[in-house]
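*Asks:* turn this into a structure:
(chains A and B)
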Amino acid sequence: MLFSKSFIYTLREDPKVAECLSHKYLLKGCFLHMVSSGIYSYLPLGLRVLDKINKIIQKHMNKSGAQQLLMSALQPMDIWKKTGRDKDLEEVMFKFKDRKDKELCLGPTHEELVTELARKYVRSYKQLPFILYQIQAKYRDEPRPRLGLMRSCEFIMKDAYSFDIDQQGLDENYAKMLTAYKAIFKECGVDFVVTEADSGVMGGDVSHEFMVGSEIGEDVLFCCQGCNKFFKQGKECPECKGSLTQQKMIEIGHIFKLGTKYSSVLDASVLDKEGKRKPIVMGCYGIGVSRLFPSIIEVNHDDKGIVWPKSVSPYDVSLVTLGGVAFDDAAQITHVLENSGIDVLFDDRDIAAGVKFNDAYLVGNPYILIMGKNYSKNNKIDIEVRKTEEKLSLSKEELANFFKKEYNI
RNA sequence: CGGGAAGUAGCGCAGCUCGGCUAGCGCGCUUGGUUCGGGAUCAAGAGGUCGUGGGUUCAAAUCCCACCUUCCCGACCA
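*Replies:* Residues are numbered from 1 along each chain as shown, chains lettered A, B, ... in the order given. Just a heads-up that it's a prediction; the model follows:
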């Protein structure tokens, strides 16, 4: 991708509306556009990251046997009235009527709709178990949207739902999801902790939260100074009796054992081996994708900009040309790298070197290639590793090998 | 929804206390020149209903009232 042709217009100064660091860098680096309070558009750069996060999620969800679908964001209100959650979620629902006066809402979550699917299609225990998931925008009329993507009115969620004949099946699927989630967050480059949590408005008895430590977090956990474990309560560490300190946390995932809360009310049931009708035992599993996104930045940055983990960076390489190095030479290097699967953002702009470097740091791709004097004189391409600030000078051949090693290709 | 802060060019701001504005600065943008390994420089330009509506006044960015928007803290929540 040529920088000069890309829809990347970085800001020189910090945007006034952004208080927290992730939001600041997302706006400054042209990843995100604020449409209104709590409403954001993902710009091309941001969408590339979002796509990578989604691919990681899809990979691990599919591996666990879950099947992706896409349910409607528009939902009829009558199904919400059946479960009574029209009242529970009344405050945050975007509700309106269609031309026939039918009440609709923009889905704040999808337990009702997915349970309805099970009711319609599933009749026998033989069809169980299965897990369905989707990655989709959810809508909540937040009283106070804040911190950019952290709390917004339109946000992207990965929501999964498991369907089992009994509690044992649910336990197995729940364990599978727990494993998948750990793999997802690890691959996305965030350090997280898993805690037992309240089920809240979702219902059910068991639930776990996935949290990332950050000053902008809205939840609080207590971290043991002795064994480094996290707890909900602030008394002394139950494991090693060490002292506990408060740590603010961002909730990026939450999984629930729902049981039959929805299936019994909405009549999603199957016949078991004995021919007896049983409500399906359900679990639900959420990842706040649009919250995970800035969380990655909160824990991967420096004072120059974002330091994307390789797994989710918008491009693999920022290529910077300096001092009148021929466009064709740099374009050729770009082609070679792209042919081996390395995404390159080639900064071909005719501007001061400092601007190019600072934009490269801000945008945060893992590697910065520099073609300048060292290329014109010695045919060497300089590499700067964004994270470690390590610097190398390589020939074209060495460069190809370098990336083969770095990306296992 | 309570409490606080802010709205002046694309971005960041000054001006407001004490009304005199034909509204300014930095960056960015356009054209041309010189530069060219770390936010260069010279010259010439373009760009504004000072958030909106009302009021006071000879005169309002500036004073008064109402509203809107945004941010932060709280309550609430993924």
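
*Asks:* distance check, residue A:7 against RNA strand B.
*Replies:* 14 Å (Cβ to the nearest atom of the strand, to the nearest Å). Where C-beta positions appear, they are placed from N, C-alpha and C, glycine not excepted.

*Asks:* just checking, which helix or strand of chain A averages the lowest pLDDT?
*Replies:* Between all helices and strands in chain A, the lowest mean by mean pLDDT, DSSP states H and E belongs to strand A:230-231, at a mean of 86.

*Asks:* what packs against it?
*Replies:* Helices and strands touching strand A:230-231, by 3 or more Cβ pairs under 8 Å, 6 or more residues apart in numbering; DSSP states H and E, are strand A:193-196, strand A:219-224.

*Asks:* could you give me the buried positions within the shortest one?
*Replies:* So the one you mean is strand A:193-196. A:193, A:194, A:195 (16 or more other Cβ atoms under 10 Å).

*Asks:* mind checking how far the residue lying closest to the first one once chain neighbours are set aside is from RNA strand B?
*Replies:* Pointing back at residue A:193 there. Of all residues not flanking residue A:193 in the chain, residue A:230 sits nearest, at 4.5 Å (Cβ to Cβ, 6 or more residues apart in numbering). Distance, residue A:230 to RNA strand B, by Cβ to the nearest atom of the strand: 16 Å.

*Asks:* how about the contacts made by residue A:147?
*Replies:* Residues in contact with residue A:147, defined by Cβ atoms under 8 Å, 6 or more residues apart in numbering, are A:19, A:20, A:22, A:23, A:216, A:294.

*Asks:* of these, closest to residue A:369?
*Replies:* Nearest to residue A:369, judged by Cβ to Cβ, of the contacts of residue A:147 is residue A:22 at 26.1 Å.

*Asks:* given the least confident helix or strand of chain A, what are its sheet partners and their directions?
*Replies:* strand A:219-224 (antiparallel) (DSSP bridges).

*Asks:* which bits of the stretch 301-409 of chain A sit near RNA strand B?
*Replies:* A:322-324, A:350, A:352-355, A:357-359, A:361-362, A:370-375, A:382, A:384 (Cβ under 7 Å from any atom of the strand).

*Asks:* and the buried ones among those, selectable in ChimeraX?
*Replies:* Those of those that count as buried under 16+ other Cβ under 10 Å are selected in ChimeraX with:
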select /A:322,357,359,361,362,370,371,372,374,375,382,384
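
*Asks:* what pLDDT is listed against the closest residue to residue A:372 other than its chain neighbours?
*Replies:* Nearest residue to residue A:372, sequence neighbours excluded (Cβ to Cβ, 6+ apart): residue A:322, at 3.4 Å. Reading off the confidence values, residue A:322 has pLDDT 93.
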